[in-house]
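Enquirer: got a predicted structure plus its sequence, pasted below:
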Amino acid sequence: MVQVCREQFVAFSSADVPLIFIGDLNFNPDDPNYRQLAADGWRDSHSACARADCPTFFYNRPDLPSGRIDHILYRGDGLTPQDWTRLISPDPNRFLSDHDPVCVRFRIIKMPGRVFSAKGTAR
């Protein structure tokens, strides 16, 4: 799955625009897929917000890794994550999902001399 995403990202990399990649990726930061995305320039909003590692998947399944497997990654100039939050159900007896949803608030910095179209491409 990661290789398919990497192939799709190529179309955007030449546009020199900030990108956000969000997903239930089913791998944690120790996984080679995570390391490959980091090597491609993707930064982890969780780490950038200096959060203690916290799990987002809670079911004990042998076919899936545990821990933080839901990610909001970003790359490019002009994006600064301000806050990373794991959303918890207000009812302790009911889960929102099999994963805790994750929310990140980004600060978007206007880059001088760059205008972005509705499709996100730089001119």
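Expert: Thanks, I have the structure now.
Enquirer: after the helix or strand bottoming out on mean pLDDT in the chain, next one along is what?
Expert: Using mean pLDDT, DSSP states H and E, the weakest-scoring helix or strand in the chain turns out to be helix 2-13, at a mean of 82. Next helix or strand after helix 2-13 toward the C-terminus (DSSP states H and E): strand 19-24.
Enquirer: partners of the residue most central in space within the chain in the sheet?
Expert: By CA atoms, centre = their mean, the chain has its centre lying nearest to I72, at 1.4 Å. I72 has these beta-bridge partners by DSSP bridges: I22.
Enquirer: residue contacts, it?
Expert: I20, F21, I22, S45, H46, P81, W84, V102, V104 (CB atoms under 8 Å, 6 or more residues apart in numbering). Heads up, the C-betas are built off the backbone N, CA and C, glycines and all.
Enquirer: just the pLDDT for it.
Expert: Predicted confidence (pLDDT) for I72: 93.
Enquirer: now do the helices in this structure.
Expert: For the chain, applying DSSP state H gives helices covering 2-13, 32-39, 45-48.
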